[in-house]
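# coordinates for the following, if possible.
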Amino acid sequence: MRAVVFHRHGVPEDLDVEDVAEPEARSGDAIVEVGATSINGFDPPTDPSPLRGAPMPPL
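Numbers count the residues shown, from 1 in each chain. Down below sits the predicted model:
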């Protein structure tokens, strides 16, 4: 399957699309299919990238 992965924290350019193995559920696990995801305005302050310490967007 194709997945967006990162091997180090940083800027969006550090994200790569790669072929990865299909996950296998073990006892007590569940596999959840994600159709879409996003990064919102609250995420950058928690990311150790150049945006760290940036002011929050107006609400």
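
# tell me the secondary structure for Ala30?
Following DSSP: H, G, I helix; E, B strand; the rest coil, the label given to Ala30 is coil.

# I'd like to know how far it sits from Thr37.
17 Å (Cβ to Cβ, to the nearest Å). C-betas here are computed from N, CA, C, even on glycine.

# repeat that for Met1.
15 Å.

# mind checking the SS state of Glu13?
Per three-state DSSP, Glu13 ends up helix.

# Glu22: what's it in contact with?
Glu22 sits next to Met1 when contact means Cβ atoms under 8 Å, 6 or more residues apart in numbering.

# pLDDT score assigned to it?
pLDDT for Glu22: 90.

# packing partners of the worst-scoring helix or strand of the chain on mean pLDDT?
One helix or strand of the chain scores below all others by mean pLDDT, DSSP states H and E: strand 2-6, with a mean of 87. Counting contacts by 3 or more Cβ pairs under 8 Å, 6 or more residues apart in numbering; DSSP states H and E, strand 2-6 is packed against strand 15-19.

# show me what the strand it packs on is in contact with.
Outside strand 15-19, the residues that reach it (Cβ under 8 Å, 6+ apart) are Met1, Arg2, Ala3, Val4, Val5, Phe6, His7.

# where's the fifth one relative to Ser27, distance?
Think Val5. Counting by Cβ to Cβ, the gap from Val5 to Ser27 is 26 Å.

# higher neighbour count, those two?
Val5 (11 against 4; other Cβ atoms under 10 Å).

# what's the closest non-adjacent residue to that one?
Glu18 (5.3 Å; Cβ to Cβ, 6 or more residues apart in numbering).

# ok, what's across the strand from that neighbour?
Ala3 (DSSP bridges).

# can you give me the end-to-end distance of stretch 2-22?
9 Å (Cα to Cα, to the nearest Å).
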